[in-house]
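In: Sequence and predicted structure below; questions after.
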Amino acid sequence: MKECDTMPNVTIIEPEEMIGCFKESLAENDNLCLYIDLPFCRSNCLYCIYHSLPYKELLEHREEYANAVFEQLDLFKEIMQMKPLKSVYFGGGTPSLWTEQELSEIISRIPGYDSIESVKSEMHPYDLDDRRIEFYAENLHLKIASLGVQSLDADACKGQRRLYVSPDKLKHIVDEFHKYGIYVNIDLVALFNGDTEKEWHIFENDIHTVTEYIKPDVITSVPNYRTKLDYISQLPRLRIILASVCSDIYVPSHPKILSLDEEDIKQYGKNDHWIGTKEFFDFIRKNFRYCCSPPAKGNLNDQATIAIGGAGEHYVYSYTKDGRTFYSAYDFDEKAFVYYRCDD
Ligand SMILES: C[S@@+](CC[C@H](N)C(=O)[O-])C[C@H]1O[C@@H](n2cnc3c(N)ncnc32)[C@H](O)[C@@H]1O
Ligand code: SF4
């Protein structure tokens, strides 16, 4: 064991130590979840807070990285055999860049995959066509597709080097997923190119087009985290816009999400503002366990999460229900995943 010099208060460990902790701590009523990360993107958007790696590195390292992920899944199999998984979450980076063959390899290594209640994947809509959506439905048994859209304004996307996808294509994608009974989330970022009147106007247009034309099951929206260090002052205006599209169809995930009371703003939905259908929120409440990668942090549910993937500075974190946290990422020089125990 040695101290890790890139992150404070962590110690490099062998993955067996993490496996041992999971085995020791898994209790009868814990929800065990699996997070799998693909830390590469087709184009690295300027606003993004994740440390994803560029596409050329995916082209260079794809096989090596995928094989390493398969090996980790085999290594952690004994924990997944101890307790059936509640959910699998494909995150990133851009998990829609996994090939169908790689995804098939992944799920073949997950014990009891076909009985898992909730499978969710983030995806860039640019990567989707009807064939791929059919694969997600028929082979991956996806329950929630989460589309990174951010803005429907072509110039706003260009300003952030974000690959643009038109509202018509997005509507088609949502309709296709719905044919298979898959819920769809759309991520929208307000103030994509800065805190200006023009950008507020773009967000207002976007939210109307999404709710009135594209019609996903849920919309997740936040002001661009990069516009201000403390973006809480932007939330009241965001909430007023969201409230204007709430109706019988779209409701907030929690009534206080749209409150303008300062304490409510601090307490509820500081980071995520979900408006969606009642049916979707019922599904989430019953079935879904969140898994996420840094910079999101904390044990969000009564769950333990095994996270596999990440590379370079794009770490993923695993945690047991009793509060033990581990970071990991693939190291291309070492040609191995490196695991860290968080000593905080
Ligand atoms: C891992 S990405 C989603 C999947 C895929 N890479 C994509 O962009 O379509 C997760 C989400 O983080 C959000 N995000 C990233 N940087 C952000 C920022 N600066 N402010 C607000 N949200 C941000 C975006 O909404 C993005 O969809
Ligand atoms: S927003 Fe998505 S596609 Fe863009 S850099 Fe971030 S993770 Fe990659």
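Out: Alright, I've got the coordinates. Residues are numbered from 1 along each chain as shown. Ligands and ions are numbered 1, 2, ... in the order given.
In: Only C-alpha atoms from now on, for both contacts and neighbour counts.
Out: Will do.
In: The stretch 201-344 of the chain: strands as residue ranges?
Out: In the stretch 201-344 of the chain, the segments counted as strands under DSSP state E, counting those that start in this stretch are 218-223, 251-252, 273-276, 303-308, 316-319, 325-331, 336-342.
In: beta partners of the nearest residue to residue 65 once chain neighbours are set aside?
Out: Using CA to CA, 6 or more residues apart in numbering and skipping the chain neighbours, the partner closest in space to residue 65 is residue 330 (7.6 Å). Beta-bridge partners for residue 330, by DSSP bridges, are residue 311, residue 337.
In: Quick check: the gap between the closest residue to residue 231 other than its chain neighbours and ligand 2.
Out: For residue 231, ignoring the flanking residues on the chain, the nearest one in space by CA to CA, 6+ apart is residue 225 at 6.7 Å. When distance is defined by CA to the nearest ligand atom, to the nearest Å, residue 225 is 12 Å away from ligand 2.
In: can you pull the pLDDT of residue 225?
Out: On the pLDDT scale, residue 225 is placed at 88.
In: re earlier: give the contact list for the residue nearest to residue 65.
Out: 65, 309-312, 336-338 (CA atoms under 8 Å, 6 or more residues apart in numbering).
In: closest one to ligand 1 among the strands of the stretch 201-344 of the chain?
Out: Closest to ligand 1 of those, according to CA to the nearest ligand atom: strand 218-223, at 5.6 Å.
In: what's in contact with the helix ranked longest in the chain?
Out: When the chain is parsed with DSSP state H, its longest helix is helix 55-75. In this structure, residues lying in contact with helix 55-75 by CA under 8 Å, 6+ apart are 40-43, 102, 105-106, 109-110, 308-309, 330, 335-337.
In: could you say what helices and strands the helix or strand just after it packs with?
Out: Once helix 55-75 ends, the next helix or strand along the chain (criterion: DSSP states H and E) is helix 77-82. Helix 77-82 sits against helix 15-25, with contacts defined as 3 or more CA pairs under 8 Å, 6 or more residues apart in numbering; DSSP states H and E.
In: So how do I select the buried members of the contacts of residue 330 in PyMOL?
Out: PyMOL command restricting the contacts of residue 330 to the buried ones, with burial defined by 16 or more other CA atoms under 10 Å:
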select buried, resi 65+309+310+311+312+336+337+338
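In: Among the contacts of residue 330, which one sits closest to residue 221?
Out: residue 310 (24.6 Å; CA to CA).
In: how near is the closest one to residue 14?
Out: Note on residue 310: its distance to residue 14, by CA to CA, to the nearest Å, is 16 Å.
In: cool, and residue 305?
Out: Going from residue 305 to residue 14 by CA to CA gives 18 Å.
In: what does residue 44 give?
Out: 31 Å.
In: Tell me which of these two has more neighbours.
Out: residue 44 (19 against 14; other CA atoms under 10 Å).
In: Pull the contacting residues for the spatially closest residue to that one that is not a sequence neighbour.
Out: Of all residues not flanking residue 44 in the chain, residue 54 sits nearest, at 6.4 Å (CA to CA, 6+ apart). Counting by CA under 8 Å, 6+ apart, residue 54 touches 40-44.
In: Give me the subset of these lying in strands.
Out: Of the positions in the contacts of residue 54, 40-41 sit in strands, assigned by DSSP state E.
In: Can you add distance to residue 244 and give the contacts of residue 54 back as JSON lines?
Out: Shown next, in JSON lines, are the contacts of residue 54 (distance: CA to CA, whole Å):
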{"residue": "40", "distance to residue 244": "36"}
{"residue": "41", "distance to residue 244": "34"}
{"residue": "42", "distance to residue 244": "34"}
{"residue": "43", "distance to residue 244": "33"}
{"residue": "44", "distance to residue 244": "32"}
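In: List only buried entries from the contacts of residue 54.
Out: Neighbour-count burial (16+ other CA under 10 Å) applied to those gives 40-42, 44.
In: in the stretch 151-300 of the chain, what residue is nearest ligand 2?
Out: For the stretch 151-300 of the chain, CA to the nearest ligand atom, closest residue to ligand 2: residue 162, 6.4 Å.
In: three-state assignment of that residue?
Out: Under the three-state scheme (DSSP: H, G, I helix; E, B strand; the rest coil), residue 162 adopts coil.
In: ok, it touching residue 44?
Out: Yes - assessed by CA atoms under 8 Å, residue 162 is found in contact with residue 44 at 7.5 Å.
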